[in-house]
Structure formats: C-alpha cells, structure tokens
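**Q** output the structure for:
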Amino acid sequence: MNTYKTTEIAHSIGIHPNTVRLYEELGLIPKPERKANGYRVFTDFHLEQLKFARTALKVEVLQNSLRKQAIDIIKTSSARNFNKAIHLTKRYYQQIKREQRNAEEAIAITEKLLLGENQGLSNANLTRKEAADLLQISMDALRNWEMNGLLTVKRKQNGYRVYSDEDIKKLKIIRSLRCTNYSLAAILRMLNALSSDPNVDIREAIDTPEETDDIISVCDKLLTSLQYAKKNARMMLAHLEEMKKQFTTNPTF
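**A** Numbering: from 1, shown residues only. Model (predicted):
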C-alpha cells in the first residue's frame with residue numbers, strides 16, 4: 001500500500017497542503033490515520049478521491065441545488081459508497097440536461113417574441129401558485145422578481161394577480177438566467193435591451209455579460225457553462241466507475 005504525507009499528496013495533485021486539510025475538514029476526503037507524532041498518513045484512495053473532488057468542483061457556475069448535488073456526490077464517494085455516488089451523478093447529469101432545455105426554450109421564446117410570432121397563444125390566466133408550479137420555482141421567487149421590476153403582472157378587480165402566456169414566456173427567460181446566478185440587475189438590463197433593440201443577438205446577449213454587470217460568478221455564461229457541466233458529469237461518472245473497481249476489491253487502499 002502506498003502512503004503519502006500531506007505535502008506529498010498535495011504536490012501530486014498540484015494544490016496547497018492547506019487545501020488538502022480543508023477538504024478533510026469539509027468531509028470531501030476521509031480522515032486519514034495519523035502517526036504517533038500526529039502526522040497524517042494518506043493512501044491511494046485519498047489520492048483518487050482528491051482527484052475526483054477536484055474534477056467535480058471544476059464547474060463553478062451552477063445553481064445552488066446543482067452545486068449541493070455535486071458536494072453530496074463527493075461526500076458519498078468519500079464514504080466509499082460508489083453505487084450511490086454513481087446513482088447521484090446520473091441524476092445530477094439529467095438535471096443539467098433539463099437546465100439546458102430550459103435555456104434553449106428561453107432562447108426560442110425570445111427569438112419568436114423578437115420576430116413578433118405570438119400566434120398560437122392560449123388565453124390562460126394563471127394564479128401565482130399555478131405559475132410557480134408550472135415553472136417549478138417558489139412563489140417567493142416570483143414575488144421577488146416582481147418586486148425588483150423584472151415583471152409587472154396584471155391584477156383582477158379583486159386584486160389577485162393573473163399570469164398571462166406572455167408573462168409565462170418572460171418568466172421562463174428569467175428562470176434560465178437566474179439559475180446561473182445572473183444578478184437581477186443584469187437580467188433587467190438584458191430584458192430592456194431586448195425590448196428596445198429588435199436586432200439584438202439574443203444568444204450573445206444571454207451568453208455574454210458586460211463587464212459592468214453585477215454577476216456573482218466569473219463563469220456565468222449560461223449555455224457554455226451547462227455544456228461544460230454535462231461533459232464534466234460524464235467524467236465524474238467514468239472516474240467513479242474506475243474507483244469502484246479499484247477500491248471495492250482493494251478496500252485497504
């Protein structure tokens with residue numbers, strides 16, 4: 001069995017020793033045994049788990065729920081529960097694909113709106129709860145978007161809000177942008193740009209934030225980031241399959 005000191009395993013991955021200690025503290029790698037002098041003793045499993053965690057965390061621009069899923073997968077792998085980690089990664093991959101479809105739908109809707117193609121609309125008027133359920137978002141999120149000026153919803157005589165087809169389409173665009181941490185201010189700017197310039201390139205507008213935007217992540221290019229996330233999820237799956245073969249049959253490593 002190969003063993004490594006903290007500095008050795010950090011050097012082999014190309015990270016600082018403090019990062020190794022942080023991963024241990026966060027539960028992303030199992031706690032190593034220690035010598036009588038207190039020094040940590042890492043194994044080949046720690047080495048592979050560190051590589052796996054680094055791969056999974058490469059994707060920086062994911063919505064919170066996806067980020068949490070990635071963390072859960074790493075921790076499950078750290079516990080050597082490879083079958084569960086593989087199952088979670090497949091579910092993670094499917095959610096990334098759903099976000100891609102949402103983003104593509106948002107683009108298609110916007111392109112049609114710019115072309116004035118509103119044919120085929122129904123006259124459905126949804127309540128706030130019905131709109132939230134349809135979009136699979138919380139009512140608080142809807143309320144927040146309205147308070148920040150992203151959407152103005154009509155009301156009935158009794159004061160209740162009603163969400164039209166046009167409102168739902170706009171909300172689908174907002175949902176896709178919010179899921180990758182675009183700020184509300186940045187989204188409002190893009191929506192205003194789209195409404196004032198019918199010749200704007202919607203893909204470029206969605207995918208290329210201006211430097212002055214208050215964007216949380218440096219990797220918040222929606223479409224490219226989701227494509228990268230999907231590719232990364234496939235790498236995670238392959239890595240987990242290899243770890244399952246190597247460490248299920250050699251549990252002492």
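
**Q** just the mean pLDDT for stretch 132-151, thanks.
**A** Confidence over stretch 132-151 (mean pLDDT, whole number) is 86.

**Q** got the buried residues for that stretch?
**A** Ala132, Leu135, Ile137, Leu142, Trp145, Glu146, Leu150, Leu151 (16 or more other C-beta atoms under 10 Å). In this view, the C-beta of every residue, glycine as well, is placed from N, C-alpha and C.

**Q** farthest pair within those residues?
**A** Greatest spatial distance in the buried residues of stretch 132-151: Ala132 and Leu150, 14.6 Å, computed using C-beta to C-beta.

**Q** and the helix or strand in which Glu242 is found, what does it pack onto?
**A** For Glu242, the element it lies in under DSSP states H and E is helix 222-248. Contacts defined by 3 or more C-beta pairs under 8 Å, 6 or more residues apart in numbering; DSSP states H and E place helix 222-248 against helix 44-56, helix 64-78, helix 82-115, helix 202-207.

**Q** can you add distance to Asn232 and mean pLDDT and give those back as CSV?
**A** Output for those, formatted as CSV (distance: least, C-beta to C-beta, whole Å; pLDDT from 0 to 100):
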stretch, distance to Asn232, mean pLDDT
helix 44-56, 7, 95
helix 64-78, 9, 89
helix 82-115, 9, 83
helix 202-207, 18, 52
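
**Q** switch the ones you listed over to TSV; also include mean neighbour count and distance to Ala36.
**A** Shown next, in TSV, are these (neighbours: other C-beta atoms under 10 Å; distance: least, C-beta to C-beta, whole Å):
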stretch	mean neighbour count	distance to Ala36
helix 44-56	20	20
helix 64-78	19	25
helix 82-115	17	32
helix 202-207	16	56
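
**Q** Val16 touches Thr6, doesn't it?
**A** Heads up, residue 16 is His, not Val. No: look at His16 against Thr6 with C-beta atoms under 8 Å: they stay out of range, at 10.1 Å.

**Q** settle it for me: which of these two has more neighbours?
**A** Set His16 next to Thr6 and count neighbours by other C-beta atoms under 10 Å: Thr6 wins out with 17 against 12.

**Q** distance of the more buried one from Phe45?
**A** Note on Thr6: its distance to Phe45, by C-beta to C-beta, to the nearest Å, is 15 Å.

**Q** so how far is whichever helix or strand Ile168 is part of off the chain centroid?
**A** Taking DSSP H and E as the definition, one finds Ile168 inside helix 165-178. With C-alpha atoms, centre = their mean, to the nearest Å as the basis, helix 165-178 stands 18 Å off its chain's centre.
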